[in-house]
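A.B. asks: Only the shape, not the letters, is given here:
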Ligand SMILES: Nc1ncnc2c1ncn2[C@@H]1O[C@H](COP(=O)(O)OP(=O)(O)OP(=O)(O)O)[C@@H](O)[C@H]1O
């Protein structure tokens, strides 16, 4: 059977007595583009940093290319692309020099892709990195992470500072990369429309818990908001993601009748996100 590129098994992390990650189980396989959606402080960055061995879990196992994440060898490290939420080195460099240095670490560097993206995002190779805007720095960081066609790409809010056109183009490239190179991509975002546009799978994290992880199509088709007056309604056939006196968010709905339901409505990803945080 195909091995996951990245696998979290029963992962817990506590920082300063606060439970930041609670029993995370998640597998990233080749071809998957997983959108990790969660509020500020939900644990997205911590989850991503655990995969890179930058944060050590208290319990559970994380493997990357079937190796423990805390002991990834150099060959496997070169197959991972990572763009952090902020921070970008190469201050004092021109774009061309920074790219030349970065490229020298990666034998599989795709120069054509580099040139195409520099052109597309209007980055001049003679520009000084210290003069770039935040969005331009983010774009360059993305080029640096993607041009060696990593097998596993981990992106922490990769497009937050990009304008809508750049975001759209970058997101579509991301999807192509996964399809062309059989890579797996795990990216965090608050922007539900971006996730809807490119993610094959959605992982929804709330207060350190993965509430939902599945194919986007499955989520779209089987998530419903059920309204009712009598909260003895029987929803045991479904995964209930949230419930109050008069409504519930259920998962696994297949167009059947639910006795006692006043209405059963589909939800967009944004509506689902809002409902789960109400
Ligand atoms: N090194 C740390 N020391 C103390 N608290 C931390 C540390 N790292 C993370 N946390 C806490 O863990 C929680 C999750 O943080 P994390 O950065 O993973 O969230 P996030 O979902 O990425 O948030 P955002 O969308 O705002 O980037 C937050 O409450 C944060 O304050």
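C.D. replies: Here it is on my side, so go on. Just so it is clear, the model here is predicted, and its values are computed rather than measured. Residues are numbered from 1 along each chain as shown.
A.B. asks: quick one, helices of the stretch 151-278 of the chain?
C.D. replies: Per DSSP state H, counting those that start in this stretch, the stretch 151-278 of the chain carries helices over the ranges 164-181, 192-198, 216-222, 269-276.
A.B. asks: Identify each buried residue in the longest one, please.
C.D. replies: If I follow you right, that is helix 164-181. By neighbour count, with 16 or more other C-beta atoms under 10 Å as the criterion, the buried positions of helix 164-181 are 166, 167, 168, 169, 170, 171, 173, 174, 175, 177, 178, 181. Backbone N, C-alpha and C define where each C-beta goes, glycine included.
A.B. asks: Go through those residues and name the one nearest residue 23.
C.D. replies: Taking C-beta to C-beta as the measure, residue 178 is the one of the buried residues of helix 164-181 closest to residue 23, at 27.1 Å.
A.B. asks: so where do the strands sit in the stretch 101-250 of the chain?
C.D. replies: Using DSSP state E, counting those that start in this stretch, the strands of the stretch 101-250 of the chain run over residues 152-156, 184-189, 201-206, 209-215, 223-228, 239-243, 247-251.
A.B. asks: To residue 17, which of those strands lies closest?
C.D. replies: Counting by C-beta to C-beta, and looking across all of the strands of the stretch 101-250 of the chain, nearest comes strand 209-215 at 17.3 Å.
A.B. asks: what bits of the stretch 51-200 of the chain have low per-residue confidence?
C.D. replies: Regions of the stretch 51-200 of the chain meeting the criterion pLDDT under 70 cover residues 87-88.
A.B. asks: For the stretch 51-200 of the chain, which residues are neighbours of the ligand?
C.D. replies: Taking C-beta under 6 Å from any ligand atom as the measure of proximity, the stretch 51-200 of the chain contacts the ligand at residue 85.
A.B. asks: So the protein: which segments form each domain?
C.D. replies: Recorded structural domains for the chain (assignment: automatic domain parsing) are 6-207, 216-276.
A.B. asks: Name the stretch among those that sits most buried.
C.D. replies: Per-residue neighbour counts averaged over each of the domains of the chain give the maximum for domain 6-207, namely a mean of 18 (mean count of other C-beta atoms under 10 Å).
A.B. asks: quick one: what helix or strand has residue 13 in it?
C.D. replies: Counting by DSSP states H and E, the element that carries residue 13 is strand 6-15.
A.B. asks: Is the ligand within reach of the next helix or strand after that strand?
C.D. replies: The element immediately downstream of strand 6-15 (helix or strand, assigned by DSSP H and E) is strand 18-28. Yes - remark: strand 18-28 sits within contact range of the ligand at residue 20, by C-beta under 6 Å from any ligand atom.
A.B. asks: Whichever helix or strand comes after strand 18-28 and the ligand in contact?
C.D. replies: In the C-terminal direction, the helix or strand that comes right after strand 18-28 (DSSP H and E) is strand 33-37. No - no part of strand 33-37 sits near the ligand under the criterion C-beta under 6 Å from any ligand atom; the closest distance found is 8.5 Å.
A.B. asks: Which single residue in the stretch 51-200 of the chain comes nearest to the ligand?
C.D. replies: Using C-beta to the nearest ligand atom, the single residue of the stretch 51-200 of the chain nearest to the ligand is residue 85, 5.9 Å away.
A.B. asks: what about that residue, is that helix, strand or coil?
C.D. replies: Secondary structure assignment for residue 85 (DSSP: H, G, I helix; E, B strand; the rest coil): coil.
A.B. asks: pretty sure it contacts residue 157?
C.D. replies: Yes - contact status for residue 85 versus residue 157: in contact at 5.3 Å, counting by C-beta atoms under 8 Å.
A.B. asks: Next, the contact list for residue 153, please.
C.D. replies: Under the criterion of C-beta atoms under 8 Å, 6 or more residues apart in numbering, the contact list for residue 153 reads 80-82, 145-146, 174, 177-178, 183-187.
A.B. asks: Repeat that for residue 145.
C.D. replies: 81, 82, 83, 153, 155.
A.B. asks: Thank you kindly, that will do.
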